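Chemist: any chance you could fold what I've pasted below:
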Amino acid sequence: MLERVTNLLESYEVNDYQIGDKVIAKSVKGDPRFDTAVWPGYNVTVTMQIVDSGKSEAILKILRLMNKANEANIDELLTVCSWEMENYFFD
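Modeler: Here you go, the predicted structure:
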């Protein structure tokens, strides 16, 4: 899913994002991923900063469609949250 998400961001020319690799997590759906023998695997976190609200809405819609298309594989669903930034600067 990471490659699909980063390709989506690149196609929308989102240049501000960070990737946290090997994130252990327990989610509402799917099995926990603690990178252990009992709970193998891990998640990846993508944090993105999108100033254009139209662009962010379009990306959120596509991410929701990606989940819908992948709903049979509960362990590969995306967890998405968003909020408006009061401040964003890079100086």
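
Chemist: so which residues of the protein form helices?
Modeler: 2-11, 53-69 (DSSP state H).

Chemist: grab the most central residue of this structure for me.
Modeler: By CA atoms, centre = their mean, the chain has its centre lying nearest to residue 46, at 4.9 Å.

Chemist: so who does it touch?
Modeler: Contact analysis of residue 46 by CB atoms under 8 Å, 6 or more residues apart in numbering lists 2, 5, 6, 9, 17, 18, 19, 20. C-beta coordinates here come from the backbone N, C-alpha and C atoms, glycine included.

Chemist: count of residues packed around the fourth one?
Modeler: Burial of residue 9 is recorded as 17 neighbouring residues (other CB atoms under 10 Å).

Chemist: leaving out chain neighbours, which residue sits closest to it?
Modeler: residue 17 (5.7 Å; CB to CB, 6 or more residues apart in numbering).

Chemist: and the strands in this structure, which stretches?
Modeler: For the chain, the strands defined by DSSP state E occupy 17-23, 43-48.

Chemist: got the angle for the longest one vs strand 43-48?
Modeler: For strand 17-23 against strand 43-48, the angle by axes from the mean of the first three to the mean of the last three CA atoms, to 10 degrees is 170 degrees.

Chemist: for residue 19, grab the count of nearby residues.
Modeler: Neighbours of residue 19 using other CB under 10 Å come to 13.

Chemist: please name the nearest non-neighbouring residue to it.
Modeler: residue 46 (5.6 Å).

Chemist: how about low-confidence regions in this structure?
Modeler: Residues of the chain meeting the criterion pLDDT under 70: none.

Chemist: rerun that using 90 as the cut-off
Modeler: 27-31, 51, 70-76, 84-91 (pLDDT under 90).

Chemist: quick one, what contacts the closest residue to residue 30 other than its chain neighbours?
Modeler: Leaving aside its chain neighbours, residue 30 sits nearest to residue 75 (4.3 Å; criterion: CB to CB, 6+ apart). Residue 75 makes contact with 30, 31, 41, according to CB under 8 Å, 6+ apart.

Chemist: please consider this matter closed, and thank you.
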